[in-house]
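Peer 1: Quick check, what structure comes out for this input:
(one chain, ligands or ions: 1)
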Amino acid sequence: MTRIRKAVFPVAGLGTRFLPATKTVPKEMLPIVDRPLIQYAVDEAVEAGCDTLVFVTNRYKHAVADYFDKAYELEQKLEKSGRTEQLDLVRNILPPHVRAVFVTQAEALGLGHAVLCAKPIVGDEPFAVLLPDDLIWNRQRGAGGPGALRQMADEAEATGASVIAVQDVPPAQTGSYGIVATGDFDGRSAPIRAIVEKPRPEVAPSNLAVVGRYVLDGRIFDLLEKTTPGAGGEIQLTDAIAKLLAERPVHAYRFQGTRFDCGTHLGLIEATIRYALDHETLSDAARGMMQDALSELGVVDLD
Ligand code: UTP
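Peer 2: Presented below is the predicted three-dimensional model:
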């Protein structure tokens, strides 16, 4: 498979689990310490070699487009007042060789439908899909490795297969994920034999759950066009992948890194704690703050 160049970010969901905040702030703009979720996903895509980023948004999500747009007034003010560090932060949201393209999903008809909205930009080449609320961390200071998408893009390039990120989850949680059945693993990857959306634990084929990173053959668009609404009345990406399996190889990939489900309250809190504890300038203060909070509650005395 040729190296992926294009990455699709479906960000047109309603984000109901974060209401009331998401009434006005898109879920993808919620920050982990100092950067919004979308920035972490974009950095991962750029690191994997993508230079065209396709954001599938809806009419309420101007904030996402504004974030990647140039902020003339702000830049002028920061420049005039000599705040070069902040100026660099604002200017370097995207590297110069990377372009952002926005397409609209008129109605939230499901993740599969959102991906299909990117077809006119992507064409029939292989591409990535990243769900920014799945934050995958592999950049611990002093111990970081390549991002999850880079690992998957390498696998796709080497094998010619589509590649889907998976993670073992407790069997009771299968109903919250796409679940795959695979052949034997060779290192981190295994051929997918079947994929099913949100199965109850009694009928789940395994406890290997799909998380929000995909490298997909462009053929998926034709298959999505033929996909009718499935689980939850939505057009499911999982159903189109099930059709792709019948035609072309698709690998499950146990990526290296820690995934935080920032589409949930606890996942967002956990990611915030872990990033703060690892932060270049904030980690000592964050650690002290957490120790104080825990000992005040009598939970644990870490001193
Ligand atoms: P989620 O299942 O997390 O739904 O979508 P959601 O609407 O974002 O959040 P909740 O469950 O209401 O809190 C998974 C991904 O698919 C995108 C979402 O933006 C998210 O990145 N999506 C979902 C779309 O772009 N369009 C859709 O129609 C549905």
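Peer 1: Helices of the stretch 201-303 of the chain, start to end?
Peer 2: 220-225, 237-247, 265-278, 283-296 (DSSP state H, counting those that start in this stretch).
Peer 1: Could you tell me the least trusted of the ones you listed?
Peer 2: Within these, confidence is poorest for helix 283-296, with a mean of 93 (mean pLDDT).
Peer 1: Can you check the pLDDT for residue 302?
Peer 2: 56.
Peer 1: What of residue 144?
Peer 2: 77.
Peer 1: Over to residue 89?
Peer 2: Taking residue 89 on its own, its pLDDT is 84.
Peer 1: now the one 5 residues further on
Peer 2: On pLDDT, residue 94 comes in at 89.
Peer 1: what does the stretch 51-200 of the chain have sitting close to the ligand?
Peer 2: 56, 105, 108, 109, 110, 111, 113, 114, 131, 133 (C-beta under 6 Å from any ligand atom). All C-beta atoms are positioned from the backbone trio N, CA, C, and that covers glycine.
Peer 1: out of these, what pair is the most spread apart?
Peer 2: 109 and 133 (18.5 Å; C-beta to C-beta).
Peer 1: With neighbour numbers in mind, choose between these two.
Peer 2: residue 133 (24 against 16; other C-beta atoms under 10 Å).
Peer 1: Please list the residues of the stretch 201-303 of the chain that sit near the ligand.
Peer 2: Of all the residues in the stretch 201-303 of the chain, those lying near the ligand are residue 263, going by C-beta under 6 Å from any ligand atom.
Peer 1: now the helices of the stretch 201-303 of the chain in a markdown table, with mean neighbour count?
Peer 2: Below are these laid out as a markdown table (neighbours: other C-beta atoms under 10 Å):
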| stretch | mean neighbour count |
| --- | --- |
| helix 220-225 | 20 |
| helix 237-247 | 20 |
| helix 265-278 | 16 |
| helix 283-296 | 12 |
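Peer 1: Tell me which residues touch residue 207, please.
Peer 2: Residue 207 makes contacts with 168, 169, 170, 171, 173, 174, 179, as judged by C-beta atoms under 8 Å, 6 or more residues apart in numbering.
Peer 1: Just read off the phi/psi values of the first one.
Peer 2: Residue 168 adopts backbone torsions of phi -70, psi 130, taken as degrees, to the nearest 10.
Peer 1: got a pLDDT number for the residue in the stretch 151-300 of the chain positioned nearest to the ligand?
Peer 2: Residue nearest to the ligand within the stretch 151-300 of the chain: residue 263 (4.5 Å; C-beta to the nearest ligand atom). pLDDT recorded at residue 263 is 95.
Peer 1: Around it, count how many other residues there are.
Peer 2: With other C-beta under 10 Å as criterion, residue 263 counts 20.
Peer 1: start at 479 instead
Peer 2: Sure thing, new numbering starts at 479, so read that last one as residue 741.
Peer 1: The helix or strand of the chain with the lowest mean pLDDT packs against which elements?
Peer 2: Least confident helix or strand of the chain, by mean pLDDT, DSSP states H and E, is helix 562-569 with a mean of 83. In terms of contacts (3 or more C-beta pairs under 8 Å, 6 or more residues apart in numbering; DSSP states H and E), helix 562-569 is packed against helix 550-558.
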